[in-house]
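Asker: Predicted model and sequence follow; I will ask about them next.
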Amino acid sequence: MRIEDKIWGERWMIREDSVHTTNILKLKKGFRCSWHRHKEKYNLFAVITGKVEIIIEAFWSEQGEIATKSFVLCGGESYYVEPGFWHEFRVIEDGIMVEEMYVEYKDEDIERAKLGGPIDE
């Protein structure tokens, strides 16, 4: 496990590889992460304690412009951001949040050489 200091608190990196990342975030009230997006990975935020606002640029206004929308999450609530959408989180109350980033599983991802079945065949 690797621990990194961040402007908004600490990131405890539990797992990180090319398709999946799991972090525990210790959050400090009054701070936010950078405005960013992921090309391929989904970003799941699950609040354990505290209160966090998720801001996402994903909704078109009636005038045809991109607009932002925000969601306030409290302990026990979660939200995920699809790849390609700009987003950030803002810490309203100190807390703990799980962050997972992952690539969507696709059936064509697996290649089989032999089918499963009874061992004695």
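Answerer: Arrived safely.
Asker: what about residue 65, neighbour count?
Answerer: Residues contacting residue 65 under the criterion other Cβ atoms under 10 Å number 7. Glycine gets a C-beta too; all of them are placed from N, C-alpha and C.
Asker: Quick check: it vs residue 53, distance?
Answerer: Per Cβ to Cβ, to the nearest Å, residue 65 is found 22 Å from residue 53.
Asker: Could you do residue 31 as well?
Answerer: According to Cβ to Cβ, residue 31 and residue 53 sit 12 Å apart.
Asker: residues bridging contact with those two, i.e. touching both?
Answerer: Here residue 31 and residue 53 share the contacting residues residue 90, scored by Cβ atoms under 8 Å, 6 or more residues apart in numbering.
Asker: so what's residue 86 bridging to?
Answerer: With DSSP bridges as the criterion, residue 86 is bridged to residue 57.
Asker: I figured it was touching residue 56, is that so?
Answerer: Yes: between residue 86 and residue 56 a contact is recorded at 7.2 Å, counting by Cβ atoms under 8 Å.
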